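>>> sequence unknown, structure follows:
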């Protein structure tokens, strides 16, 4: 007896959703957005149609490789994901997609993205993006994450690369401006993830991962979150100090950095899961608004 076409269509759509879920869409969207900011800042004044075309192709290539890294991460961590409420729904953790399906999907995305970057952007961007893939999917996921509570700090270098990739896509080099953006994300990553780890500590403990709240406790982690937000505050001023942005960016950077530090200070003084969640969510707002301000400020005539 044949399967109705509607049932086959629903099954096919469900499989596509499972593959799409492997790419961690929200994370990849933030990666591409940060890379896009690097592209915009690398082009003085209004971009030409050639710049727009190159930027679009670079975004596509970076999205594909970042999605490949996310899929590979889901494959490697399927056992860990299955033990954690936050990740137990992932198709690899639920066994809805096999190891070979996830691996092949990751390999195809990585190959396609690398080809796009090599042939339509430039080799430097391809190699930097591929190095970011290896840094996140292999060095961070396979080696650092299960080994040391400093996994987020060291592995954060891969997560901080998107603006550098965007800059390299448009300029063919890595300038000091790109490194400043790298530094901001690098310093933002620990307080962002540690705020999450604070209220998910039992999940990480059950999974056997040496996240900072598991190995060093709640109070120590809260202090680290606070100290990192202070250092991050200083780093967020650097685009203005270096002259790559103006007063509008400075005002926004100060406002969101005060907000992030304020959440961290409140969390340090009096812990609650609710406040940790709010701190984590505000960290996402902080980075998004900060980079959006860089984008707007780039086109403000001073």
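Everything's here; your move. Everything numeric in this text was worked out from a predicted model, so none of it was measured.
>>> The closest residue to residue 27 other than its chain neighbours in helix, strand or coil?
Of all residues beyond its chain neighbours, the one nearest residue 27 is residue 70 (6.4 Å), with distances taken as C-beta to C-beta, 6 or more residues apart in numbering. Where C-beta positions appear, they are placed from N, C-alpha and C, glycine not excepted. Three-state call for residue 70 (DSSP: H, G, I helix; E, B strand; the rest coil): helix.
>>> Just confirm residue 169 contacts residue 39, I think it does.
Yes - using C-beta atoms under 8 Å, residue 169 is in contact with residue 39, at 5.8 Å.
>>> hey, what's in contact with both of the two?
Shared contacts of residue 169 and residue 39 (C-beta atoms under 8 Å, 6 or more residues apart in numbering): 55, 58.
>>> Among the two, which residue is more densely surrounded?
Neighbours per residue, other C-beta atoms under 10 Å: of residue 169 and residue 39, the larger number sits with residue 169, 29 against 26.
>>> Below-threshold pLDDT in this structure: ranges please.
Counting by pLDDT under 70, the chain shows low-confidence ranges at 1-12.
>>> Count the neighbours of residue 215 for me.
Close neighbours of residue 215, defined as other C-beta under 10 Å, add up to 15.
>>> Just give the nearest non-adjacent residue to it, would you?
residue 149 (4.4 Å).
>>> List the residues that contact the one you found.
Counting by C-beta under 8 Å, 6+ apart, residue 149 makes contact with 210, 211, 212, 214, 215, 216.
>>> Next, it: secondary structure please.
Assigned with three-state DSSP, residue 149 falls in the coil class.
>>> Phi and psi next, for it.
Backbone torsions of residue 149, given as degrees, to the nearest 10, read phi -70, psi -10.
>>> How much space separates it from residue 193?
Using C-beta to C-beta, to the nearest Å, we find residue 149 at a distance of 11 Å from residue 193.
>>> Then residue 123?
32 Å.
>>> Who has more neighbours out of these two?
Comparing residue 123 with residue 193 by other C-beta under 10 Å, the one with more neighbours is residue 193, at 22 against 12.
>>> any idea what the closest residue to that one other than its chain neighbours is structurally, helix, strand or coil?
Distances taken as C-beta to C-beta, 6+ apart place residue 152 nearest to residue 193, at 4.7 Å, with adjacent residues excluded. The local conformation at residue 152, judged by three-state DSSP, is helix.
>>> and residue 152, what does it touch?
Going by C-beta under 8 Å, 6+ apart, residue 152 touches 189, 190, 193, 194, 211, 212.
>>> Save the residues you listed as JSON lines, and put in secondary structure too.
Listed next are those as JSON lines, based on three-state DSSP:
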{"residue": "189", "secondary structure": "helix"}
{"residue": "190", "secondary structure": "helix"}
{"residue": "193", "secondary structure": "helix"}
{"residue": "194", "secondary structure": "helix"}
{"residue": "211", "secondary structure": "coil"}
{"residue": "212", "secondary structure": "helix"}
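>>> Just read off the phi/psi values of residue 88.
Torsion angles, degrees, to the nearest 10, at residue 88: phi -60, psi -20.
>>> Leaving out sequence neighbours, find the closest residue to it.
Here the residue nearest residue 88, using C-beta to C-beta, 6+ apart, is residue 82, at 5.7 Å.
>>> The one you found: how many residues sit nearby?
16.
>>> Stretch 233-250: end-to-end distance?
Length of stretch 233-250, first residue to last, C-alpha to C-alpha, to the nearest Å: 11 Å.
>>> quick revisit: next, the contact list for the residue nearest to residue 27, please.
Going by C-beta under 8 Å, 6+ apart, residue 70 touches 22, 23, 24, 27, 28.
>>> Isn't residue 32 up against residue 63?
Yes - here residue 32 reaches residue 63: they are 5.1 Å apart, a contact under C-beta under 8 Å.
>>> so how far is residue 74 from residue 101?
In terms of C-beta to C-beta, residue 101 sits 11 Å off from residue 74.
>>> So the two - more neighbours on which side?
For residue 101 versus residue 74, neighbours defined as other C-beta under 10 Å are more numerous around residue 74 (24 against 18).
>>> Identify the residues contacting the closest residue in space to residue 80 that isn't next to it in sequence.
For residue 80, ignoring the flanking residues on the chain, the nearest one in space by C-beta to C-beta, 6+ apart is residue 207 at 4.5 Å. When contacts are counted by C-beta under 8 Å, 6+ apart, residue 207 touches 80, 83, 84.
>>> Using CSV, lay out those together with secondary structure.
Below are the contacts of residue 207 laid out as CSV (three-state DSSP):
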residue, secondary structure
80, helix
83, helix
84, coil
